[in-house]
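Asks: build me a model from this:
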Amino acid sequence: MNIDKLVTSKLARYGLSVVAVGVVTGILFALGTHVNLTTIALAFLLVVLTTATFFGRNPALVASFAAMLSFNYLFVPPVLTWHIADPQNLVAWAAFTITAIVTGELSSYARRRAREAERLYQELQSAFESATEAEALRHSEKLKSALLDAVTHDLRTPLTSIKASVTTLLDSEGGHRTIELNSEGRGEFLNIINEETDRLNAFIEGMVQLARVEANSGVGEQTLANVEEIVAIALERAEPVIAEHHVTVNIERDLPLIKVEARAIAEALYNLIENAAKYSPANSMIVVTAESANDSVKLSVEDEGPGIPVEMRERVFEKFVRLDGERTDGLGLGLAIVRGIVEAQDGAIEITDGAAKGTRISISLPVGS
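Replies: The predicted structure follows:
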């Protein structure tokens, strides 16, 4: 039988109370003259106290009665006789009874308080879970609002430019011309359409890539990769965006191979270079560095832009977060994508101050074995 059920069974509690008195009686009787009446009385009192603590008042009263009978019959001279009227026996029984009542009530009170505390704790836990769910819901709504703002502003802006350019071109053609455009003017509007379409495409690609990273499906199999080749791929892709900057590449000699998915890391490095170009003035310096660091290789991109405040250096890795006063286009997904890629490769990313000014973003990647 389960011990908890045994204790909670009413009959078992009374039975165990009497058995406990019997066991102590047997032990004390076996000791004989080695114990005095005071010791015997204290032993029975301890049994009553224990019974009251664990089983409650009524079983303790039964135990006190049994203890009084045992004490009177077996230990108080003359032994093996009943002397209920003896004041010593009455005092012992009274002591046992008072102990049973007081301890039993205290034990019951303590159990009631414990149950009440448990009930309050469960209510508090339930309220906390509800509050957490509400907070998560508010965060979700905030994220949806941020996405909606990004869509309505950053996606609608290029659509508006495309629509205006197409409308102008259409008005300049056909039999009802309201606008006269020469070939140069038409070329400018076509360039606007081309550039704004590229912007839309970049936005969509960024959102799709982030979704893949978060679903752990945007990274392929990890293999041993050469750092120089990854840097070269990223820089080649970034040529259009860094055309107005001075780029310096510092790659430590004899760097070990890193165990990564090379295409994904090249994409992450490209995002960092693109960010550096966006947020730093024309003709400023961008420095790309690759160096060994313990059991990893650190790739860093440093710019001469306005820098990122310390309190924002963790937040800029969140989706749709952009610094106040940013003058560049974008959804604020670039660094979120980079962190997702790097962490999926068992790497780490950090933001520090540049050597003179600006920002230095570094990614550390594990060395292949």
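
Asks: for residue 261, see how far away residue 222 is.
Replies: Here the criterion is CB to CB, to the nearest Å. By it, residue 222 lies 5 Å from residue 261. For glycine as for every other residue, the C-beta is placed from the backbone atoms N, C-alpha and C.

Asks: what do the two both touch?
Replies: Counting by CB atoms under 8 Å, 6 or more residues apart in numbering, the shared contacts of residue 222 and residue 261 are residue 345.

Asks: what about residue 189, how many neighbours?
Replies: 19 (other CB atoms under 10 Å).

Asks: typed the wrong thing, it's residue 369
Replies: 8.

Asks: what's the local residue count around the closest residue to it other than its chain neighbours?
Replies: Closest residue to residue 369 in three dimensions, ignoring its sequence neighbours and counting by CB to CB, 6 or more residues apart in numbering: residue 259, at 7.1 Å. Counted by other CB under 10 Å, the residues lying close to residue 259 total 16.

Asks: same deal with residue 39?
Replies: 13.

Asks: on the three-state scheme, it is what?
Replies: Assigned with DSSP: H, G, I helix; E, B strand; the rest coil, residue 39 falls in the helix class.

Asks: cool, residue 299 as well?
Replies: Classified using three-state DSSP, residue 299 is strand.

Asks: check residue 355 too.
Replies: Quick answer, by three-state DSSP: residue 355 is coil.

Asks: in this structure it contacts residue 302, no?
Replies: Yes - using CB atoms under 8 Å, residue 355 is in contact with residue 302, at 6.7 Å.

Asks: the more surrounded of the two?
Replies: residue 302 (26 against 11).

Asks: which ones are touching the more buried one?
Replies: Here residue 302 is in contact with 276, 286-287, 289, 354-355, 358-361 (CB under 8 Å, 6+ apart).

Asks: take those residues and keep only those in strands.
Replies: 286-287, 289, 359-361 (DSSP state E).

Asks: just the mean pLDDT for stretch 296-314, thanks.
Replies: Average pLDDT, stretch 296-314: 91.

Asks: and it, end to end?
Replies: End-to-end span of stretch 296-314 (CA to CA, to the nearest Å): 22 Å.

Asks: so for it, what gets flagged as buried?
Replies: Buried residues in stretch 296-314, counted by 16 or more other CB atoms under 10 Å: 296-305, 307-308, 313.

Asks: all strands of the chain, in order?
Replies: With DSSP E as the criterion, the chain has strands spanning 223-225, 246-251, 258-260, 285-293, 296-302, 348-353, 359-366.

Asks: the third one packs against which elements?
Replies: This means strand 258-260. If contacts are counted by 3 or more CB pairs under 8 Å, 6 or more residues apart in numbering; DSSP states H and E, strand 258-260 sits against strand 223-225, strand 359-366.

Asks: out of those, deepest packed?
Replies: With neighbours defined as mean count of other CB atoms under 10 Å, the helices and strands packed on strand 258-260 peak in mean count at strand 359-366, which reaches a mean of 21.

Asks: in its sheet, what does that one sit against?
Replies: Using DSSP bridges, the strands paired with strand 359-366 are strand 296-302 (antiparallel), strand 348-353 (antiparallel).

Asks: pull out the buried residues from stretch 52-70.
Replies: Using 16+ other CB under 10 Å as the burial criterion, the residues of stretch 52-70 that qualify are 52, 55-70.

Asks: same thing with stretch 282-296?
Replies: 284-290, 296.

Asks: between those, which is nearest residue 17?
Replies: Closest to residue 17 out of these is residue 296 (68.1 Å), distances taken as CB to CB.

Asks: got a list of what the closest residue to the closest one other than its chain neighbours touches?
Replies: Distances taken as CB to CB, 6+ apart place residue 364 nearest to residue 296, at 4.5 Å, with adjacent residues excluded. Residue 364 is in contact with 293, 296-298, 347-350, counting by CB under 8 Å, 6+ apart.

Asks: let me have those residues in CSV, adding distance to residue 229 as columns.
Replies: Listed next are those as CSV, based on distance: CB to CB, whole Å:
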residue, distance to residue 229
293, 19
296, 18
297, 13
298, 17
347, 17
348, 22
349, 21
350, 24
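
Asks: now for those residues: which two are most distant?
Replies: It's 297 and 350 that sit farthest apart of these, by CB to CB, at 14.4 Å.

Asks: quick check: residue 266 vs residue 236, distance?
Replies: 9 Å.

Asks: between those two, which is the more surrounded one?
Replies: Neighbours per residue, other CB under 10 Å: of residue 266 and residue 236, the larger number sits with residue 266, 22 against 10.

Asks: who are the neighbours in contact with that one?
Replies: Counting by CB under 8 Å, 6+ apart, residue 266 touches 230, 233-234, 237.

Asks: which stretches in the chain count as helices?
Replies: Secondary structure of the chain (DSSP state H): helices at 3-8, 10-31, 37-55, 57-70, 87-150, 156-171, 183-214, 227-238, 262-278, 334-344.

Asks: packing partners of the second one?
Replies: Okay, so that is helix 10-31. Applying 3+ CB pairs under 8 Å, 6+ apart, we find helix 10-31 packed against helix 3-8, helix 37-55, helix 57-70.

Asks: any buried residues in that helix, and which?
Replies: Under 16+ other CB under 10 Å, the buried positions of helix 10-31 are 12-14, 16-18, 20-21, 24-25, 28.

Asks: which of those lies closest to residue 127?
Replies: Nearest to residue 127 out of the buried residues of helix 10-31 is residue 13 (CB to CB; 35.8 Å).

Asks: look up how far residue 48 lies from that closest one.
Replies: 14 Å.

Asks: on that earlier part again, could you dump the helices of the chain into JSON lines and include distance to residue 250 and mean pLDDT?
Replies: Listed next are the helices of the chain as JSON lines, based on distance: least, CB to CB, whole Å; pLDDT from 0 to 100:
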{"stretch": "helix 3-8", "distance to residue 250": "70", "mean pLDDT": "50"}
{"stretch": "helix 10-31", "distance to residue 250": "80", "mean pLDDT": "83"}
{"stretch": "helix 37-55", "distance to residue 250": "75", "mean pLDDT": "76"}
{"stretch": "helix 57-70", "distance to residue 250": "83", "mean pLDDT": "77"}
{"stretch": "helix 87-150", "distance to residue 250": "36", "mean pLDDT": "67"}
{"stretch": "helix 156-171", "distance to residue 250": "36", "mean pLDDT": "78"}
{"stretch": "helix 183-214", "distance to residue 250": "28", "mean pLDDT": "75"}
{"stretch": "helix 227-238", "distance to residue 250": "10", "mean pLDDT": "93"}
{"stretch": "helix 262-278", "distance to residue 250": "14", "mean pLDDT": "89"}
{"stretch": "helix 334-344", "distance to residue 250": "20", "mean pLDDT": "84"}
